[in-house]
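1. Whatever this is, show me its structure:
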Amino acid sequence: MGSTASDDLRVQVVNHGDGWRSYLVLDGVTGSVHRRADKFLAPYGEGTQRTYAYHLVDHLRWLAVNGYREDVVGVDDLRRYMALCGTEQAGPWGSPWGTGPSATAPRG
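-> Just a heads-up that it's a prediction; the model follows:
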């Protein structure tokens with residue numbers, strides 16, 4: 001089974017000599033740094049970089065699976081993605097994740 005564009009992204013932890021860590025989004029095939037993600041992550045501290053890096057990989061994979069280019073994705077496309085992530089934006093299937101009857105029903 002071959003890899004797809006969505007499989008070819010990963011988060012790489014970089015351990016710096018002073019004990020600080022940073023997080024990069026890499027192309028898993030070439031090992032190159034995803035420049036747009038790197039620019040976005042650069043101003044943040046370690047914890048925020050870690051969180052955002054994993055979310056960025058998820059978002060970039062979603063774009064690839066759905067055939068979107070990151071430089072031309074539209075607001076409606078981003079709303080759909082955010083709805084799938086569980087924000088308060090009602091998504092393509094009605095209410096966002098974590099709301100509605102299934103969120104409050106007792107688990108058996």
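2. Tell me the first helix or strand C-terminal of the longest helix along the chain.
-> Counting residues, the longest helix in the chain under DSSP state H turns out to be helix 46-65. Using DSSP states H and E, the helix or strand that follows helix 46-65 towards the C-terminus is helix 75-85.
3. which other helices and strands contact that following helix?
-> Under the contact criterion of 3 or more Cβ pairs under 8 Å, 6 or more residues apart in numbering; DSSP states H and E, helix 75-85 touches helix 46-65. Just so you know, the C-beta spots here come from the backbone N, C-alpha and C atoms, and that holds for glycine as well.
4. which parts of the helix it packs on are buried?
-> By 16 or more other Cβ atoms under 10 Å, the buried positions in helix 46-65 come out as Gln49, Arg50, Tyr52, Ala53, Leu56, Val57, His59, Leu60, Arg61, Trp62, Leu63, Ala64.
5. for stretch 32-39, same thing?
-> His34, Ala37, Asp38.
6. which one of those residues sits closest to Arg80?
-> Closest approach between these and Arg80, by Cβ to Cβ: Ala37, at 20.5 Å.
7. any idea of the pLDDT on the closest one?
-> Here, the pLDDT recorded for Ala37 equals 92.
8. before we move on, what about the one 10 residues further on?
-> Gly47 is assigned a pLDDT of 91 by the prediction.
9. residues contacting it?
-> Residues counted as contacts of Gly47 (Cβ atoms under 8 Å, 6 or more residues apart in numbering): none.
10. same thing with the one 5 residues further on?
-> Residues in contact with Tyr52 (Cβ under 8 Å, 6+ apart) are Tyr23, Phe40, Leu41, Tyr44.
11. likewise Leu41?
-> Ser22, Tyr23, Leu24, Val25, Gln49, Tyr52, Ala53, Leu56.
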